[in-house]
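K.L.:
Sharing a model that was predicted from the sequence below.
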Amino acid sequence: MTKGKKITACIVAGVIAAALAIVFANRRLPVTLRGSVLRQDVDVNKQLPLADVEITAINGLGSGKAKSDASGFFSLTLPKGLRRRQPVVLQFRRKDYKSLDWDDYISDKLYVARMIPLHQETIAESHTDAAVSNPRIRYSVKSTAEANIGSAVKVFQVANKGNTPCDNHPPCAPGGKWKATVNTQSIDAGVGNEFRNARVSCIAGPCAFTKIDLENFTAERRHFNVSVRNWSDTTTFIFEAEVVHPMTSDLVRETYPVIFGRALNFSLPASAEGPSIEAEVGGEAIVFPLGPSLFLRWADCHMSPDRDQSRNYRCELKRGYQFR
């Protein structure tokens, strides 16, 4: 075999080995199916995401299970050994919806399933259904106000004698030639108070030979720390700031939901607290706190967070209730 043929054979063998390695690696990795479950409706505005749908993927070699979240999304990991292009039956089960069995193939596509409710809406509303009307959302947010209670002034000296060699005995002047003095002060605004617009300045003495090494607030802004270095004769500094007293209160706000079919949709900012729904149910105005469990006697509610920590809510009416 010639040298050229040997090189060609080596290249072909390498390509085949790499391809086989990829194939075997893919066989070992489990396959994940991703999709969403919606309510079937000809009006796209009423194709609501369905939460808590139990999804089962069945194949002759194994099965996997998952449950949809508040946005209808599901992620179902199949057992090892199942590969793409193999047949699979996806079963979707949820209370008050017809069972759905979907014959398909294992793939990396997005699976969007639509389930038919057992009790379809009709144009004519039932007279026996309790009416839910005039819904609005109430929540509170923290609001902070500040009362200016005065100003703070403190005068302090940094005593030192100029033209004294440092001789490597800190503290020293920048460059290390002259002996220096460092005066550190911690100034307190008082219990429950905070400083605003704090500033430190030299008002007397050879200010040109001073340096502010440190000036900062503590986390609660009640204390201000300052450290001043002086390498000449005594200097005088002054600290000045406004003193405020923060006051926090709850502001109640209202927003109105959007209703599509039998679902009520609304979103709240990340700072919202204590959300509740105020509505007229059966002609009586009632406030329904949502609480952590999102329980309402007339609707099933789900919440999904956004990336900015705001929250999206969707409440679907239970049987026996109708929006009017």
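P.N.:
Arrived safely, thanks for sending.

K.L.:
how close does G62 sit to T56?
P.N.:
Spatial separation of G62 from T56 under the definition C-beta to C-beta, to the nearest Å is 11 Å. Just so you know, the C-beta spots here come from the backbone N, C-alpha and C atoms, and that holds for glycine as well.

K.L.:
With neighbour numbers in mind, choose between those two.
P.N.:
Of the pair G62 and T56, T56 is the one with more neighbours under other C-beta atoms under 10 Å, namely 15 against 12.

K.L.:
list the contacts for the more buried one?
P.N.:
For T56, the residues meeting the contact criterion (C-beta atoms under 8 Å, 6 or more residues apart in numbering) are 63-65, 90-91, 93.

K.L.:
Now which of those would you call buried?
P.N.:
Buried members of the contacts of T56, counted by 16 or more other C-beta atoms under 10 Å: 63-64, 90-91, 93.

K.L.:
For these, give me TSV that also has secondary structure, distance to Y105 and pLDDT.
P.N.:
TSV is the format used below for these (DSSP: H, G, I helix; E, B strand; the rest coil; distance: C-beta to C-beta, whole Å; pLDDT from 0 to 100):
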residue	secondary structure	distance to Y105	pLDDT
S63	strand	16	79
G64	strand	15	85
L90	strand	11	92
Q91	strand	16	93
R93	strand	21	94
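
K.L.:
Mind jotting down where the helices sit in this structure?
P.N.:
Remark: helices of the chain, listed N- to C-terminal, are 3-28; assignment by DSSP state H.

K.L.:
which strands and helices sit next to whichever strand in the chain runs longest?
P.N.:
With DSSP state E setting the assignment, residue counts place strand 130-158 as the longest strand in the chain. Applying 3 or more C-beta pairs under 8 Å, 6 or more residues apart in numbering; DSSP states H and E, one finds that strand 130-158 contacts strand 181-188, strand 194-204, strand 223-230, strand 235-255, strand 263-268, strand 273-281, strand 321-323.

K.L.:
The nearest residue to S140 once chain neighbours are set aside bridge partners, please.
P.N.:
Once flanking residues are discounted, S140 sits nearest to D250: 4.4 Å by C-beta to C-beta, 6 or more residues apart in numbering. Each beta-bridge partner of D250 is listed here, defined by DSSP bridges: K142.

K.L.:
The residue lying closest to L294 once chain neighbours are set aside: neighbour count?
P.N.:
Counting by C-beta to C-beta, 6+ apart, L294 lies nearest to C301, which is 4.1 Å off, once chain neighbours are set aside. Using other C-beta under 10 Å, C301 has 19 neighbouring residues.
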